[in-house]
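> Using only what follows, build the 3D model:
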Amino acid sequence: MGSIGGVISSLSSFAAKLLPGRGSSSSSTSDEGPGIEEEINKLMRMLERLKATLYDAEERETRGKSVNLWLKELKEIVYTAEDILSEYRYEVLRAEVEAGNASSENSRKRKKLELPEGVADRIKKTIDMFNEIANHRDTLQLREDDGPRLCNDEMHATPTSSLGVESNIFGRGNDKEKLINLLRSDNNSNGDVISVVSIVGMGGLGKTTVAQLVYNDLRIRHKFDLFGWVCVSDDFSVGRLTKEVVESIRGGSCDVNNLSVLQENLRKEIKGKSFFLVLDDVWNEKRSVWELFQTPFLSAKLVKILVTTRNEPVARIMQTFTSFKLQHLYEEQCWQLFCQYAFGGANCNEEWKLEIGKQIMKKCGRLPLAVKSIASLLRHEESEESWREILESELWELEATKEIFPPLQISYSRLPTYLKPCLLYCSMFPKDYIYYMNEMTPLWYAQGYIESREKKTINEIGMEYAKQLFERSFFEGKLPTKDWDWFRLHDMIHDLAQSNSGNECYSIEYGKPLISPKQIRHLYVKDSDELIKPFPSSPFNTLRTTIMANSVENVTNISDILEARSLRAIVFKPPCYEFRFLNTIGNLKHLRYISIEYITFEKLPESICSLYNLQTLTLSNCPKLIELPKCIGNLVSLQFLSISECLVSKLPESICHLRNLKALTVKTWDDAELTELPEHIGNLVRLEELHLKTCSIAILRASLCQLKSLKTLDLKLYWKHPREIESLRNFQTLTVTEASSLLPKLNKLAGIQILNLEFTLTMRNNYNDQIGCLNDIVDIKGALFITGLHNIKISLADTKHYSLMNKHNLEYLSLSWHDEDELDYPVSSSRFILFIGNDTCYGDDKEMNFVRESPNSP
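Predicted coordinates:
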């Protein structure tokens, strides 16, 4: 079944923000009668009781089938109650908007609250169902000793160490060397162009990790001309895999779907060249499919394929030249790995931890992923009692066929409750998916998994959650930092999350049939062909998330999906040329998140302005969009608004009514004519981020200085600014392009942590006087980036005169003279990095001594 924790987290945030002016007698003016407020409060109290019951169940390790069924019924009631309360909140906000004063807490006094017919009956029915099911608790004999309590949501402070860095790999050096020697050898007696080496081993042994070590080794990089990496998983679709191989080689997307054309493209790409390909996690046992897939490889001079698989028959089907069986780690290596993650690599002087730790480590079956997972869990447990509970847990007795699940399930069961739904939600996406934080955080927030805090932004809280999951080894990727914005799930973690979600989170992929839609609450669609098939009427009513990653133009069931009454989030990633579905989107009262990546119409429908619960609206790549709805100010819950690659020439004045807006991004095409901001932009008193890119605004409004909450300002192509801009004392990040008139003001913006100065236009005049103002900025504590210095006639020698190297509180300085707009610069442990032409120079923090090296150097 799905996570109880997801419901708990959702309830916690829901109760906090449900009713504007909750408890006020003013809402008793409802047409439903004076009792509706009382019924709503009853429902809220019931949810609090549910929260306590579900939390108690989540904390217990042992639950029988009857108890799980009972809890599942309670969850259904929670979902129903949430929808009712969300609808009530929607009507409260609608009444405020229609009263003409959305910011007034007393607006409901001027207009009666008209609830849809039957709401009172639905509330009564839901409460009656709860009371009936709650009475079964005694029958099921749920007592205080039904199982040990598993976790405390309070986390111990974690030291900032190298924990989680992927270079901490133990016992695989010899395996790596053997595989590299096999791949570099030319011992192919048959003279075949294609040679396959398979890494075979059970799940969690580290097959993918070893393959990554080999793939990135310089000896391999120097031997081959082209490289590709494809995660295969259980879907060996020749068309999909061929397309992904082409994309991996090119480093970009491929719009072709026809197999013949794809194979011809691949044949041309590798013709006469040496090619190294990794096929990760292969399950296919059909020889004919494999033979079809490898046909284009015959045009190459040499093809070496490294395969990872759990099954020896797969290796035989692929006509493997050499099968390399990856062995379990030695016990000593497991102990080294355990200590790295449980103790942070430091010496442990507590005898009981060493004694119990070795017993737990032995239960992990010498599997690296299991050791890493359980050790990461133990690092957050400080008492001997907790360590012994884990050692003696009944979950170790899960069936052996589940291989690595017992230790992972224990780690999952002891996660803080608020982290569980965030992890399970990730199982909606396909395996090997790259999760970006700017995508996941608002999705988590839309589902109620993130609770607002007074002193932290939603993005900061989302990053905090991801970091905690990273530290507990559920997320993989780069160690979370200020710039860290993506993660992955190991296949076994993905399987674990899917198992615990109970099909509430589901992805439709190529060749994967759709289960009963009534079980699904969060749906990711990669293969839209499955949605062309007929389903019973209204089968998607329980959906809360829909993510379309493929074309929707021919999907006959798209209307059913968009009419799902409980939807909280909608994402459309493919092109939508005639997006007729937006015309009815205003009926989705619970909707909190909309993201559309490509639209070709000129104006958004006004119906979108009736989504009073909407928190995030993101429209990207809108080449024809020239106008926003005039009533966009009705979106009183909107916190994040982003519109990019558009032709918007004017922002409606009503945008200044968005009282909860925290981040506004507008990025226009170069030929757009957005020349001014709305007059009352200063009314957005909660605005924390303002990104205005490639616009034609010549003068910033004086009211901009009223944005006292503003922390991030990104200005592109501005020449004049308000005189009082230095009054914005909360600035932390400032990006300015071609704004030399602002430079003299920078020394008064004392709170800046990240300063980006971009000079993209070649100037005839010398800007030495203006950039000299940087002399006065002595308190900047974070990072200073200056690009395009060659455009303003500033040389490397000139930087000595502006004290750029002597700002003692600065952590990172980057000076660039090159013309390339986008490069992925490595973070250096050195203080200063300079980019001059194609060279990268690193310097220390005391002297201007630099070492040049190629940007491609390891």
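> Tell me, how many residues neighbour the residue nearest to residue 247 when sequence neighbours are not counted?
Counting by C-beta to C-beta, 6 or more residues apart in numbering, residue 254 is the residue found nearest to residue 247 once chain neighbours are left out, at 5.0 Å. Where you see a C-beta, it was placed from the backbone N, CA and C, and this is true even at glycine. Residues lying near residue 254 (other C-beta atoms under 10 Å) number 18.
> got a list of what residue 254 touches?
Listed by C-beta atoms under 8 Å, 6 or more residues apart in numbering, the contact partners of residue 254 are 243, 246, 247, 262, 265.
> Which among the residues you listed count as buried?
243, 246, 262, 265 (16 or more other C-beta atoms under 10 Å).
> For residue 652, state which of the contacts of residue 254 is nearest.
Using C-beta to C-beta, residue 247 comes nearest to residue 652 of these, at 39.6 Å.
> For the residue nearest to residue 447 when sequence neighbours are not counted, list the residues it contacts.
Closest residue to residue 447 apart from its sequence neighbours, by C-beta to C-beta, 6+ apart: residue 568 at 5.8 Å. By C-beta under 8 Å, 6+ apart, the contact list for residue 568 reads 446, 447, 544, 545, 590, 591, 592, 593.
> Show me those that map onto helices.
residue 446 (DSSP state H).
> Any chance of TSV for the contacts of residue 568, columns distance to residue 346, neighbour count and pLDDT?
Below are the contacts of residue 568 laid out as TSV (distance: C-beta to C-beta, whole Å; neighbours: other C-beta atoms under 10 Å; pLDDT from 0 to 100):
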residue	distance to residue 346	neighbour count	pLDDT
446	40	24	94
447	38	23	94
544	43	24	94
545	42	24	94
590	48	21	93
591	49	25	94
592	43	25	95
593	42	23	96
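> nearest to residue 354, of the contacts of residue 568?
Using C-beta to C-beta, residue 447 comes nearest to residue 354 of the contacts of residue 568, at 41.4 Å.
> what's the distance between that closest one and residue 98?
According to C-beta to C-beta, to the nearest Å, residue 447 and residue 98 sit 28 Å apart.
> And for residue 501?
Residue 501 sits 39 Å away from residue 98, going by C-beta to C-beta.
> More neighbours: the two, which one.
residue 501 (25 against 14).
> Identify the residue spatially nearest to that one, adjacent ones excluded.
residue 424 (4.5 Å).
> The one you found - how many residues pack around it?
Count around residue 424 with other C-beta under 10 Å applied: 25.
> same thing with residue 584?
Neighbour count of residue 584, defined by other C-beta under 10 Å: 13.
> In three-state terms, label it for me.
Under DSSP: H, G, I helix; E, B strand; the rest coil, residue 584 falls in the helix class.
> That one is in contact with residue 564, isn't it?
No: taking contacts as C-beta atoms under 8 Å, residue 584 lies outside contact range of residue 564: 12.0 Å.
> ok, now which ones touch residue 265?
By C-beta under 8 Å, 6+ apart, residue 265 lies in contact with 246, 254, 256.
> What is the nearest of those to residue 363?
Nearest to residue 363 out of those is residue 246 (C-beta to C-beta; 44.5 Å).
> Secondary structure element holding that closest one?
Assigning secondary structure by DSSP states H and E places residue 246 in helix 238-250.
> next helix or strand past that helix?
Next helix or strand after helix 238-250 toward the C-terminus (DSSP H and E): helix 259-270.
> got the buried residues for that next one?
Across helix 259-270, burial judged by 16+ other C-beta under 10 Å covers 262, 263, 265, 266, 269, 270.
> Can you list the strands that the helix or strand following that helix pairs with?
Going down the chain from helix 259-270, the next helix or strand is strand 274-282, by DSSP H and E. Counting by DSSP bridges, the strands paired with strand 274-282 are strand 226-233 (parallel), strand 302-309 (parallel).
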